[in-house]
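Chemist: how would this look folded up:
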Amino acid sequence: MTAVRTTPATPPPRLPVRDKAAALDRGWGGVSPMLTRLAAERATGILVRERGTLHLADGKVVHAESPAAPGADVLLAAHGTLDADVWRQALAESVASTGGAGTGARRLTGAEAVHRAGRRLVAGGLLTAGALEMCRLTALYDAAYFALAPSSTPGRFRYGSEDGPDEPAVDPREPDDTPGGPRPVPVADLERETLRRRDLLHHIWPDALPDEMPLTREHRPAPPPLPARRQAVLARVDGVRTASEIARELGRPAFHTLVDIRRLVAAGMVAPRPPVSLTEPLPGPPGHGPPVEPFESVDPHITLLKRLRDALEAL
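Modeler: Alright, predicted model coming up:
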């Protein structure tokens with residue numbers, strides 16, 4: 001160890017301070033090394049991961065899908081912006097416009113079908129270009145958060161189109177001059193936003209178990225007042241629904257619903273449903289029924305200790 005002698009005239013050296021901007025730059029690439037490599041080589045295709053898919057064009061993300069996140073159609077139809085039947089009709093017309101079997105035209109990918117359906121609605125005056133783009137980006141970032149979650153299986157990338165050669169399926173009847181076309185999202189921006197969302201959820205409640213398990217209410221003698229948005233989430237907690245199911249029912253992004261659920265868990269009003277006891281006999285004849293995998297229950301004392309630790313860290 002080197003000792004540094006100081007005098008009143010020479011103050012001690014300043015402690016090093018991390019540069020947040022540089023840290024963000026270094027953080028790019030830590031979410032998915034494969035996605036970073038694909039962005040560097042300006043690849044076009046579909047990255048399939050355990051919890052979702054990312055559609056790339058010239059190394060940028062143009063579409064994302066995940067079973068855990070509602071699509072743009074759900075977000076558009078949730079609050080009366082667009083009727084669900086109108087969206088399904090536009091989607092069916094976009095798929096049918098490429099021709100049937102034997103015409104030489106390939107099938108549309110999911111990203112292309114959604115884009116063409118949106119352009120039809122904008123061209124027909126049923127939807128504004130701004131509303132379409134806002135819902136598209138909201139759904140993209142929402143699905144990408146789950147698609148880029150840590151996984152136990154490696155991702156797979158399919159170069160080119162999803163169902164055939166790289167030539168696009170062009171139909172002269174499609175409104176190509178519709179304003180407000182989809183804007184690709186750079187991979188660096190997507191990964192930074194994913195890391196920011198992870199940090200936000202961890203700061204609210206560090207345990208990710210409520211994100212996937214069915215949720216149940218915790219009765220408190222004097223529950224704190226809740227905003228209307230969080231009350232709507234709490235009203236749908238019934239011991240059966242998961243966070244993704246609540247998000248679809250409310251027509252909200254799944255990540256925003258996770259934020260409300262983790263705040264409810266931190267307030268002691270919601271908890272993951274306890275696992276099924278292995279000692280209780282299942283209904284029906286012995287030996288029948290699906291096998292139940294052992295699951296480690298959450299000790300309530302551990303939950304209390306986590307809350308105390310988070311409170312002390314926040315001081």
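
Chemist: Distance-wise, check the nearest residue to A40 once chain neighbours are set aside relative to P154.
Modeler: Distances taken as CB to CB, 6 or more residues apart in numbering place G59 nearest to A40, at 7.1 Å, with adjacent residues excluded. Using the backbone N, CA and C atoms, a C-beta is placed for each residue, glycine as well. Counting by CB to CB, to the nearest Å, the separation of G59 from P154 is 20 Å.

Chemist: Tell me how many other residues crowd P225.
Modeler: When neighbours are counted by other CB atoms under 10 Å, P225 registers 6.

Chemist: quick one: average confidence on stretch 231-247?
Modeler: Regarding stretch 231-247, the rounded mean pLDDT is 95.

Chemist: Distance check, the closest residue in space to G71 that isn't next to it in sequence against A64.
Modeler: Closest residue to G71 apart from its sequence neighbours, by CB to CB, 6+ apart: A139 at 5.6 Å. Distance, A139 to A64, by CB to CB: 7 Å.

Chemist: Strands along this structure, start to end?
Modeler: With DSSP state E, the ranges of strands along the chain come out as 45-49, 52-57, 60-65, 156-159, 185-186, 215-217, 270-272.

Chemist: For A254, which of these is the nearest?
Modeler: A254 sits nearest to strand 52-57 of all the strands of the chain, at 10.9 Å, using CB to CB.

Chemist: Could you measure from the residue nearest to A40 over to A149?
Modeler: G59 is 22 Å from A149, by CB to CB.

Chemist: G155: what's it in contact with?
Modeler: 32, 34-35, 47-50 (CB atoms under 8 Å, 6 or more residues apart in numbering).

Chemist: Pick the one among the residues you listed closest to R197.
Modeler: For these, the nearest to R197 is S32 (14.7 Å; CB to CB).

Chemist: how about L126, phi and psi?
Modeler: When read as degrees, to the nearest 10, the backbone of L126 gives phi -90, psi -10.

Chemist: Run a quick neighbour tally on the residue nearest to it when sequence neighbours are not counted.
Modeler: Counting by CB to CB, 6+ apart, L126 lies nearest to V86, which is 6.2 Å off, once chain neighbours are set aside. Here the number of neighbours of V86 (other CB under 10 Å) works out to 18.

Chemist: Test my guess that V86 contacts G124.
Modeler: No - applying CB atoms under 8 Å, one finds V86 not in contact with G124, separated by 9.3 Å.
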